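# Structure for this input, please:
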Amino acid sequence: MNNWNIKYPRRFDLDSREDYLKWRDEKLAVYPKGVGDLVVELGDMTAITPAEKAKIMDLVERANMCVYTAGSAPLDMGSVLALGRQLGVTQTDKSTRHAQSDELTDSGILNHAIPFSTRHVNWHTDATYYGSNHTIEALFLLCKRPAPEGGSNKVLDHEVMYIHLRDKAPDALAVLMNKDCFNYRNPQTGEVDVTRGGKVFWKNADGYLAHRFSFRKTDMAWSDDSDVTAARRVLESLISAEAANVIEGRLESGMGLISNNVLHTRERLVDSDDPANKRLLFRTRFYDRVNP
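Numbers count the residues shown, from 1 in each chain. Okay, the predicted model is just below:
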């Protein structure tokens with residue numbers, strides 16, 4: 001592994017150019033070129049080997065994510081949580097949410113929300129409404145049944161977006177890292193919760209870059225500060241342009257995603273009319289992150 005957090009501890013400090021430039025060049029040189037470069041084949045995701053763990057950690061450092069195969073493990077939530085424990089993430093938010101929200105399918109009372117629908121889901125990180133003071137830093141998925149048609153994902157490491165911003169629009173990045181940019185808005189009532197807001201980019205306690213963003217309008221209350229508005233436009237323009245570093249793929253049965261809550265989309269899908277054959281992915285989100 002590259003051990004960037006030790007080699008270049010100030011790479012996310014805007015006033016430290018030397019660490020940033022060295023890290024940027026090294027990261028872009030080894031960043032995966034396509035989804036095939038992200039895959040780690042596991043014999044059993046509930047009992048990974050040291051070699052499998054080392055490959056996962058290498059890809060997480062290079063791209064903040066990897067795609068894995070479940071191997072002989074059951075395709076259920078227990079396997080996802082077991083994988084998390086082996087990678088050092090245990091602080092799941094499962095207890096704060098409805099039990100069905102762990103299953104990404106057309107599930108009961110939750111089917112009005114876009115992750116449980118067949119609609120296109122624009123670029124976002126999960127759980128932006130948690131606020132930057134206590135946010136979701138890791139997102140794991142496991143596919144049991146893919147949709148019969150569609151449902152592919154695009155993913156982009158938020159550290160790469162940081163690089164694009166720092167190189168092309170450093171003033172905008174400074175705003176996104178230093179100002180409170182948006183709060184959570186209750187979609188039903190329109191009430192804004194100022195306790196669930198904060199920055200778009202920031203360094204966590206371990207020195208890693210955290211990020212929260214969504215194009216969703218119903219639960220996003222952006223600041224009307226003129227600097228924030230301008231920085232938001234720059235960020236949304238860069239994300240919409242889908243830089244060369246965007247990777248696209250689809251999770252098939254027995255495949256999953258390990259990520260430090262990277263930027264991602266989901267394309268529109270066509271689901272089965274048969275409840276037994278509907279798309280089903282297991283999702284869990286963690287307050288801690290996978291640290292190489």
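# what packs against the longest helix seen in the chain?
The single longest helix within the chain, with elements called by DSSP state H, is helix 226-241. Helix 226-241 sits against helix 158-168, helix 170-178, strand 220-222, with contacts defined as 3 or more CB pairs under 8 Å, 6 or more residues apart in numbering; DSSP states H and E. C-beta: built from backbone N, CA, C; applies to glycine.
# which phi and psi does Val89 have?
Val89 adopts backbone torsions of phi -120, psi 120, taken as degrees, to the nearest 10.
# Touching, it and Phe286? I think so.
Yes: under the criterion of CB atoms under 8 Å, Val89 makes contact with Phe286 at 4.4 Å.
# got any residues that touch both of those two?
Both Val89 and Phe286 are in contact with 138, 140, where contact means CB atoms under 8 Å, 6 or more residues apart in numbering.
# Would you map the strands across the stretch 1-150 of the chain?
With DSSP state E, counting those that start in this stretch as the criterion, the stretch 1-150 of the chain has strands at 39-41, 65-69, 103-104, 121-124, 138-145, 149-150.
# For those strands, give me TSV that also has mean pLDDT.
Shown next, in TSV, are those (pLDDT from 0 to 100):
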stretch	mean pLDDT
strand 39-41	98
strand 65-69	98
strand 103-104	78
strand 121-124	94
strand 138-145	97
strand 149-150	94
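# now these as CSV including mean neighbour count and distance to Val270?
Shown next, in CSV, are those (neighbours: other CB atoms under 10 Å; distance: least, CB to CB, whole Å):
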stretch, mean neighbour count, distance to Val270
strand 39-41, 16, 25
strand 65-69, 22, 23
strand 103-104, 19, 15
strand 121-124, 19, 15
strand 138-145, 22, 13
strand 149-150, 14, 4
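# Tell me which of those lies nearest to Leu235.
Closest approach to Leu235 among these (CB to CB): strand 121-124, 10.1 Å.
# low-confidence ranges in this protein?
Applying pLDDT under 70 to the chain picks out residues 95-101, 107-112.
# pretty sure Ile56 is touching Tyr68, no?
Yes: here Ile56 reaches Tyr68: they are 7.1 Å apart, a contact under CB under 8 Å.
# Now the phi/psi pair for the most centrally placed residue in the chain, please.
Central residue of the chain (CA atoms, centre = their mean): Asn261, 2.2 Å from the mean position. Dihedral pair for Asn261: phi 50, psi 50, per degrees, to the nearest 10.
# any idea how far it is from Lys53?
Taking CB to CB, to the nearest Å as the measure, Asn261 falls 20 Å from Lys53.
# ditto for Leu209
Distance from Leu209 to Lys53, by CB to CB: 23 Å.
# again with Ala63
16 Å.
# what do you get for Leu139?
Taken as CB to CB, the span from Leu139 to Lys53 is 19 Å.
# what does Asp206 give?
19 Å.
# what about those two, which has more around it?
A count of neighbours by other CB atoms under 10 Å puts Lys53 above the other of Asp206 and Lys53, at 15 against 11.
# pretty sure that one is touching Arg85, no?
No: judged on CB under 8 Å, Lys53 makes no contact with Arg85 at a distance of 11.9 Å.
# from what I can see Leu263 touches Leu156, true?
Yes: under the criterion of CB under 8 Å, Leu263 makes contact with Leu156 at 4.4 Å.
# so what sits against both of those two?
123, 239.
# quick one, helices of this protein?
According to DSSP H, the helices that the chain contains are 4-7, 17-30, 50-63, 77-86, 158-168, 170-178, 226-241.
# returning to that earlier point: give me the common contacts of Ile56 and Tyr68.
40, 258.
# out of the helices of the chain, nearest to Lys278?
That would be helix 77-86 among the helices of the chain, by CB to CB, at 16.8 Å.
# and that closest one with strand 138-145, angle?
150 degrees (axes from the mean of the first three to the mean of the last three CA atoms, to 10 degrees).
# How about helix 77-86, which residues are buried there?
Of all the residues in helix 77-86, those buried under the rule 16 or more other CB atoms under 10 Å are 77, 79-84.
# tell me what that helix is packed against?
strand 138-145, strand 255-259, strand 280-286.
# okay if I get the ones you listed as JSON lines plus distance to Asp167?
What follows is the helices and strands packed on helix 77-86, written out as JSON lines (distance: least, CB to CB, whole Å):
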{"stretch": "strand 138-145", "distance to Asp167": "26"}
{"stretch": "strand 255-259", "distance to Asp167": "23"}
{"stretch": "strand 280-286", "distance to Asp167": "30"}
